[in-house]
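In: Pasting the sequence and the predicted model now:
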Amino acid sequence: MSRTILTLNAGSSSIKFALYDMATEGSRRQLSHGEVEGIGSEPHFIAKDAAGATLTEHHWPAGAKLDHEALLTPLLAWITAHLGEESLAAVGHRVVHGGERWDRPVRLTPAVIADLTRLTPLAPLHQPHNLAAVQAVARLRPRLPQVACFDTAFHHDMAPTVSRLALPRKFADEGMRRYGFHGLSYEYIAGQLREQAPALAAGRVIAAHLGNGASLCAMHDGCSVDTTMGFTALDGLMMGTRCGNLDPGAVLYLLQQHGLNASEVEHVLYNESGLLGVSGISNDMRTLLNSSDPHAYEAIDLFVFRIAREIGALASSLGGLDGLVFSAGIGEHSAPIRAAVCARLIWLGIECDGDANARNAAVISTPSSRVQVRVIPTDEEAMIATHTMNLLYSVPA
Ligand code: ADP
């Protein structure tokens, strides 16, 4: 039986993929990864091997209007040519929203797809793209099993006090609550922490997923008890282009005083704010760290301030703090950002070891630090592949 799993993470401008060989029980080897990028402008498909060497590429003409079926055809054809006709065991999808109902990965059937489509208003910028990829694979390979893995699932069991919004109850009845996102990343980090430092993993830990999207998750014994993203992935930390936590009165001001309509406000909050909006230069942390423009510094300073402030809030949710984990593009690679966050948290008992931090070591706190600080590279695709394999092929105990 084939044990090759394809993972898909379909967004508005790109479809990221990874291909895993899950041949032996519990093992996972990445065969290839890549993406279809430039969707809507200059679509381009590229597949690389695990070491990053290009395996195949496909270019479409600039401006080509392509649906997901067309965009995924070269990928599936390449997999068939590369691995053989019956090569693929299943496809695992990252699906941003599982709503109240889906608290774990699920096999995608027409009924499940219909249910997930109903959740589109809760994640209008992500859910339709995720599901379009599901539908496209269903048409291209109707017999191929497909599994949805949700970004919300890890936070599903947060206490009612944590997930409730202080709005009239009738809105809660239609699903308005704090859901939390980046759950696949946090689940992976929790698993890695359990392997690397089991005693710490059993305690009170805050994980910081700092990429283009950014959030924090407060975990107790590996379970999410609070997180900074809420009803949507706009809440919480300042991000590459998203504002994060914002006085709702500011939204009313944009609507009423600037005469913006709802989709214009949406564009400001999701695409023009955050590091990009404050710096006026870029959403990319590397670019800002290399800039001498004072606005770049102000954007970085605000980014760090907001992380430290939210860590304080989540430490309260946990009733104290034993560990802090940095992850994702900025968290894994940027020693200056980690150092600046830690410097604001000395009061919490955090002592950063400058040398270890500069080396991107696994543990970057001093031996005497009351809170252990670690760096753990995240891997959402690996989590999806594992869930997909387990759901479809594990024999129940
Ligand atoms: P995404 O959310 O798109 O998956 P990533 O996790 O790849 O994002 O993170 C992208 C961010 O990580 C960008 O802001 C990028 O500048 C930043 N980044 C990557 N490498 C470094 C580095 N060495 N130093 C600082 N920032 C980095």
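Out: All right, it came through fine. Fair warning: this is a prediction, and the values are worked out from it, not measured in the lab.
In: Going by C-alpha atoms from here, please, whenever you check contacts or count neighbours.
Out: Fine.
In: so how far is stretch 323-336 from its chain's centroid?
Out: From the chain centre to the centre of stretch 323-336 is a distance of 14 Å (Cα atoms, centre = their mean, to the nearest Å).
In: Let me know whether M383 touches Y186 as I believe.
Out: No. Using Cα atoms under 8 Å as the test, M383 is too far from Y186 to be in contact (9.8 Å).
In: which of these two has more neighbours?
Out: A count of neighbours by other Cα atoms under 10 Å puts Y186 above the other of M383 and Y186, at 31 against 22.
In: Correct me if wrong, but the more buried one is in a helix.
Out: Yes. Counting by DSSP: H, G, I helix; E, B strand; the rest coil, Y186 is found in a helix.
In: List the residues that contact it.
Out: 154, 207, 209, 217 (Cα atoms under 8 Å, 6 or more residues apart in numbering).
In: V371: neighbouring residues, count only.
Out: By the criterion of other Cα under 10 Å, V371 has 23 neighbours.
In: Then A356?
Out: A356 has 15 neighbouring residues, counting by other Cα under 10 Å.
In: W347 should be in a helix, yeah?
Out: Yes. Secondary structure of W347 (three-state DSSP): part of a helix.
In: Can you get me a residue count around it?
Out: Applying other Cα under 10 Å, we find 10 residues neighbouring W347.
In: start to end distance for stretch 315-333?
Out: One end of stretch 315-333 to the other measures 24 Å (Cα to Cα, to the nearest Å).
In: check whether that stretch contacts the ligand.
Out: Yes. Using Cα under 6 Å from any ligand atom, stretch 315-333 reaches the ligand at 328-330, 333.
In: how far is that stretch from where the chain is centred?
Out: Stretch 315-333 sits 15 Å away from the centroid of its parent chain (Cα atoms, centre = their mean).
In: Q146 contacts R94, correct?
Out: No. With contact defined as Cα under 8 Å, Q146 and R94 do not form a contacting pair (10.9 Å).
In: Give me the more crowded residue out of the two.
Out: Legend: neighbour count by other Cα under 10 Å for Q146 and R94, higher for R94 (26 against 23).
In: Identify the residues contacting that one.
Out: So R94 contacts 7-10, 130, 148-151, 384 (Cα under 8 Å, 6+ apart).
In: need the residues of this structure near the ligand, please.
Out: Proximity of the chain to the ligand, by Cα under 6 Å from any ligand atom, involves residues 211-213, 284-286, 328-330, 333-334.
In: what about A197, how many residues close to it?
Out: Using other Cα under 10 Å, the number of residues around A197 comes to 11.
In: what's the answer for L167, then?
Out: Around L167 there are 10 residues (other Cα under 10 Å).
In: Any figure for the gap between it and R178?
Out: Applying Cα to Cα to L167 and R178 gives a distance of 12 Å.
In: Which strands and helices lie in contact with the top helix by length along the chain?
Out: Longest helix in the chain, counting residues (DSSP state H): helix 294-318. Applying 3 or more Cα pairs under 8 Å, 6 or more residues apart in numbering; DSSP states H and E, we find helix 294-318 packed against strand 204-210, strand 214-220, strand 223-227, helix 274-279, helix 285-289, helix 335-343.
In: could you redo the last one with a cut-off of 6 Å?
Out: Judged by 3 or more Cα pairs under 6 Å, 6 or more residues apart in numbering; DSSP states H and E, helix 294-318 is in contact with helix 274-279.
In: Which strands or helices does the helix or strand following the longest helix of the chain pack on?
Out: Counting by DSSP states H and E, the next helix or strand C-terminal to helix 294-318 is strand 323-327. Under the contact definition 3+ Cα pairs under 6 Å, 6+ apart, strand 323-327 sits against strand 204-210, strand 372-375.
In: Dump the ones you listed to JSON lines, plus mean neighbour count and mean pLDDT.
Out: What follows is those, written out as JSON lines (neighbours: other Cα atoms under 10 Å; pLDDT from 0 to 100):
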{"stretch": "strand 204-210", "mean neighbour count": "26", "mean pLDDT": "98"}
{"stretch": "strand 372-375", "mean neighbour count": "24", "mean pLDDT": "98"}
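In: Make JSON lines from those strands and add distance to E35 to it.
Out: Below are the helices and strands packed on strand 323-327 laid out as JSON lines (distance: least, Cα to Cα, whole Å):
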{"stretch": "strand 204-210", "distance to E35": "21"}
{"stretch": "strand 372-375", "distance to E35": "26"}
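In: Would you mind telling me which of those strands is nearest L321?
Out: Smallest distance to L321 across the helices and strands packed on strand 323-327 (Cα to Cα): 5.2 Å, for strand 204-210.
In: which regions of the stretch 1-150 of the chain sit below the pLDDT cut-off?
Out: Applying pLDDT under 70 to the stretch 1-150 of the chain flags residues 1, 24-26, 85-86.
In: can we see that at 90?
Out: In the predicted model, the stretch 1-150 of the chain carries pLDDT under 90 at residues 1-3, 11-13, 22-29, 38-43, 50, 60-66, 81-87, 121-125.
In: need the strands for it, in chain order.
Out: Ranges of strands in the stretch 1-150 of the chain, per DSSP state E, counting those that start in this stretch, are 4-10, 15-21, 29-37, 44-49, 54-59, 88-95, 106-107, 146-150.
In: list the helices and strands the second one packs on?
Out: Using 3+ Cα pairs under 6 Å, 6+ apart, the elements in contact with strand 15-21 are strand 4-10, strand 29-37.
In: quick one: the helices in the stretch 51-200 of the chain?
Out: 68-83, 110-117, 127-140, 160-163, 169-173, 183-196, 198-201 (DSSP state H, counting those that start in this stretch).
In: possible to save those as JSON lines with distance to D21?
Out: Shown next, in JSON lines, are those (distance: least, Cα to Cα, whole Å):
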{"stretch": "helix 68-83", "distance to D21": "11"}
{"stretch": "helix 110-117", "distance to D21": "26"}
{"stretch": "helix 127-140", "distance to D21": "20"}
{"stretch": "helix 160-163", "distance to D21": "37"}
{"stretch": "helix 169-173", "distance to D21": "42"}
{"stretch": "helix 183-196", "distance to D21": "18"}
{"stretch": "helix 198-201", "distance to D21": "27"}
